[in-house]
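Chemist: No sequence on hand, only this structure:
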């Protein structure tokens with residue numbers, strides 16, 4: 001799956017030409033890219049303003065020349081009128097003087113009109129260039145808005161990545177506080193106690209089944225039996241003696257009969 005940060009970064013880098021420090025932190029790179037985008041837009045805006053300014057300057061010159069043209073035309077007419085009046089009055093010298101003035105004014109008027117024609121042609125070119133500059137400036141502004149939106153998106157992604165890294169580091173830190181194997185736990189103590197208890201039960205069971213212990217029990221039982229047997233023998237002997245005595249008493253009677 002493509003990395004969205006990488007994709008966005010490539011898009012941002014391709015949208016303008018600027019030297020970006022490839023070894024810098026992502027946030028630093030984003031700020032460098034944003035500043036470069038703004039600077040490029042500002043340069044285009046300055047260039048557009050200069051082109052539009054040239055058109056405005058031509059407008060001022062043309063308007064000034066048109067005023068000069070109108071003044072020269074008026075002065076030329078006045079000079080011709082004065083020359084005609086002097087001629088009508090028979091003042092040929094004065095008429096010649098006004099005619100000469102009219103010729104000078106006419107020459108100036110021609111120069112002004114030629115300059116005005118040149119400026120008008122330049123203005124047509126400047127006007128077209130100004131329109132193109134305005135369009136380029138608007139495109140640059142739209143492109144800058146798009147770039148800054150991408151910058152904000154990348155900033156958010158970097159912040160999210162940083163938060164994820166911090167969370168991962170926090171989890172690693174939490175992992176450092178896990179139960180130490182060298183410290184007894186309740187479960188461990190219980191298991192150890194149960195193990196000792198069951199071991200003791202096993203030892204007891206083995207002791208009870210030991211042959212020596214069994215023989216001791218047999219010998220103990222045999223001793224009790226021997227005592228009972230001795231007692232029984234004594235009892236029998238006593239009975240036998242009693243019986244013998246009884247028989248002895250009966251024997252004389254029998255013989256007398």
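Modeler: Received the coordinates, thanks. Quantities reported herein were computed from a predicted structural model and do not represent experimental measurements.

Chemist: mean confidence score for the longest helix that the chain contains?
Modeler: In the chain, assigned by DSSP state H, the helix with the most residues is helix 92-175. For helix 92-175, mean pLDDT rounds to 90.

Chemist: And for stretch 29-46?
Modeler: 90.

Chemist: rewinding a little: for the longest helix of the chain, which helices and strands make contact with it?
Modeler: With contacts defined as 3 or more C-beta pairs under 8 Å, 6 or more residues apart in numbering; DSSP states H and E, helix 92-175 has these neighbours: helix 4-14, helix 26-88. Where you see a C-beta, it was placed from the backbone N, CA and C, and this is true even at glycine.

Chemist: looking at the ones you listed, which is buried most?
Modeler: Comparing the helices and strands packed on helix 92-175 by mean neighbour count (mean count of other C-beta atoms under 10 Å), helix 26-88 ranks first with a mean of 15.

Chemist: got the angle between that one and helix 92-175?
Modeler: Between helix 26-88 and helix 92-175, the angle comes out at 170 degrees (axes from the mean of the first three to the mean of the last three C-alpha atoms, to 10 degrees).

Chemist: rank the helices and strands packed on helix 92-175 by pLDDT, which is bottom?
Modeler: Note on those: helix 4-14 shows the lowest mean pLDDT, a mean of 47.

Chemist: related to what we said a few turns ago, for residue 96, which of the helices and strands packed on helix 92-175 is the nearest?
Modeler: With distances scored as C-beta to C-beta, the stretch of the helices and strands packed on helix 92-175 nearest to residue 96 is helix 26-88 (7.7 Å).

Chemist: Packing partners of that closest one?
Modeler: helix 4-14, helix 92-175.
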